[in-house]
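Student: Dropping a prediction and its sequence here:
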Amino acid sequence: MPAQLDHTIVHSSDRFASARFLTGLLGAPEPRAYGPFAAVPLANGVTVDYADSIVASDRIVMQHLAFLVAEDEFDEIYARITDRGLPHWGDPGHTEPQQINHRHRGRGVYVDDPDGHSLEFLTHPYVTDE
């Protein structure tokens, strides 16, 4: 059987605040406590586990998490982003402010969580062989 991603750990200055930021955008249930983590289960069985960092929040190394979502879910997520007045970008380099992109035969948007982690929401996987 090929390897499957089961979970990833994301360091944060406040595990539940960061987990709630993500679940709030996704329209997902409240994160659950799992040991030292605030766990956010995703539809494909992968869990994003937020952990309180043992270093100062200005030393947390940025991570990029990309979430493949359906078109209607993208509309809902994007509405939550704009309703909250969150800065967002059409590109990972933050050169296309307050925009979405239409790359890879879909749509995408980037938003930073409270600790500066880049959250990408896209409607079509990247196409590498076309």
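Tutor: All right, it came through fine.
Student: Nearest spatial neighbour of His11, chain-adjacent residues omitted?
Tutor: Of all residues not flanking His11 in the chain, Ser53 sits nearest, at 4.0 Å (Cβ to Cβ, 6 or more residues apart in numbering). For the C-beta atoms, the positions are set from N, CA and C on the backbone; glycine is no exception.
Student: which residues does the one you found contact?
Tutor: Neighbour list for Ser53: 11-13, 59-60 [criterion: Cβ atoms under 8 Å, 6 or more residues apart in numbering].
Student: what about 7 Å?
Tutor: 11-13, 60 (Cβ atoms under 7 Å, 6 or more residues apart in numbering).
Student: Which parts of the chain belong to which domain?
Tutor: 1-53, 62-130 (automatic domain parsing).
Student: just so I have it, where are all the strands in this structure?
Tutor: 7-12, 32-34, 37-41, 47-52, 64-68, 88-89, 108-112, 118-122 (DSSP state E).
Student: got the CA positions of the third one in CSV?
Tutor: When you say that, I think you mean strand 37-41. C-alpha atoms of strand 37-41 as CSV (Å, rounded to 0.1, in the frame of the first residue of the first chain):
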residue,chain,number,x,y,z
PHE,A,37,-3.0,19.2,20.3
ALA,A,38,-6.1,21.0,19.0
ALA,A,39,-7.1,18.6,16.3
VAL,A,40,-8.8,19.5,13.0
PRO,A,41,-10.0,16.4,11.2
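Student: which residues are contacting that strand?
Tutor: 15-16, 19, 22-23, 28, 31-32, 47-51.
Student: Pull out the buried residues from those residues.
Tutor: Among these, those scoring as buried are 15-16, 19, 22-23, 31, 47-50 (criterion: 16 or more other Cβ atoms under 10 Å).
Student: Now Leu65. Nearest residue, chain neighbours left out?
Tutor: Leu119 (5.6 Å).
Student: what number of residues lie near the one you found?
Tutor: Using other Cβ atoms under 10 Å, Leu119 has 22 neighbouring residues.
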